[in-house]
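Asks: Need a 3D model of the sequence below.
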Amino acid sequence: MTPFTALDGALLVDKPAEWTSHDVVAKLRNHFRIAKVGHCGTLDPMATGLLILVLGQATKLSEKLMSSDKVYEGVMRLGESTDSHDADGEETGSMPVPLLSLSDLEEAAKSFLGDQHQVPPMVSAVKIGGVALHKLARKGIEVERPPRLIHLYSYRFTDYEEPFAYFTVACTKGTYVRVLAHDMGRKLGCGAHLTRLRRTASGKFDVADAHVLEDILKWTPTELTQHVIPFLKLKQYE
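Replies: Purely as a prediction, here's the structure:
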């Protein structure tokens, strides 16, 4: 058995907006010259928040760590729909927003709780026939996507300033929050898309314990090891 080193473990990163999860992985791998770096759960470029990086031998645990439930905070804009269901997409339609209260949104959210089948968006990294959907979407091709079973433990609206609705959601892995925003827009009859998303928790890990990428890049290799959660401790989170 290969002995563990101080770099065999996980690093909690607070992902900045406009970076892909792969961008963060590549940056840390090259900056610190680490041979093996992976991440547990992709965040869209627009999204910020908790991104769990696994280093060295800890990459073996990525699947189990990735399977954890997630918690998000987000903002959706009512009255406008986009092809990607978020603000990075092209507008596909707009409708007047009906007179709504925070209570109306809370009531609508209740119907989404529990098990449901969710169809992944065309603008996503999901692969059909070995080809990522977003590559097909860029060519104007839409294909049938098998629905996925997801579960929402909680879905709450915390504020509403028309047309922006603020919410939190706790869900199983693989849930597309931008699809939730799109589906909520359809339920309300006015369309909607996601304008902001932040992952605040993944399993037992919390974004409050994560480190800003800009700060991480200022660390020395020794300082990096001081912030890595050791492999054997990670085993407790499986």
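Asks: residue nearest the centroid of the protein?
Replies: What sits nearest the mean C-alpha location of the chain, by Cα atoms, centre = their mean, is L43, with 3.8 Å.
Asks: From H193, how far out is that residue?
Replies: For L43, the distance to H193 (Cβ to Cβ, to the nearest Å) stands at 17 Å. (C-beta placed from N, C-alpha, C; glycine too.)
Asks: G56 and L7 touch, don't they?
Replies: Yes. G56 is within contact range of L7, at 5.1 Å (criterion: Cβ atoms under 8 Å).
Asks: Overlap of the contact sets of these two?
Replies: I34 (Cβ atoms under 8 Å, 6 or more residues apart in numbering).
Asks: how is this structure carved up into domains?
Replies: If you go by automatic domain parsing, the domain ranges for the chain are 9-67+204-237, 70-201.
Asks: quick one, which of those domains is nearest to T2?
Replies: domain 9-67+204-237 (6.7 Å; Cβ to Cβ).
Asks: circling back: and the gap between the residue nearest to the centre of the chain and K64?
Replies: For L43 relative to K64 (Cβ to Cβ), the value is 19 Å.
Asks: repeat for R198
Replies: From R198 to K64 the distance is 24 Å (Cβ to Cβ).
Asks: And V228, by the same measure?
Replies: From V228 over to K64 the distance is 18 Å, taken as Cβ to Cβ.
Asks: more crowded one of the two?
Replies: Neighbour comparison, V228 and K64: the larger count goes to V228, with 22 against 14 (by other Cβ atoms under 10 Å).
Asks: what's the pLDDT at that one?
Replies: With respect to pLDDT, V228 has a value of 96.
Asks: Isn't it up against A6?
Replies: Yes. At 6.5 Å, V228 counts as touching A6 under the criterion of Cβ under 8 Å.
Asks: same question for stretch 204-220, mean pLDDT?
Replies: Across stretch 204-220, the per-residue pLDDT values average to 97.
Asks: Quick one: residues in contact with it.
Replies: 11-16, 19, 24, 27-28, 31, 49-52, 68, 198-201, 224, 227, 237.
Asks: Try it again at 10 Å.
Replies: 10-16, 19, 23-24, 27-28, 31-32, 40, 48-53, 65, 68-69, 71, 73, 198-201, 223-227, 229, 234, 236-237 (Cβ atoms under 10 Å, 6 or more residues apart in numbering).
Asks: buried subset of these?
Replies: The neighbour count (16 or more other Cβ atoms under 10 Å) marks 10-16, 19, 24, 27-28, 32, 40, 48-53, 65, 68, 71, 73, 198-201, 224-225, 227, 229, 234, 237 as buried among the contacts of stretch 204-220.
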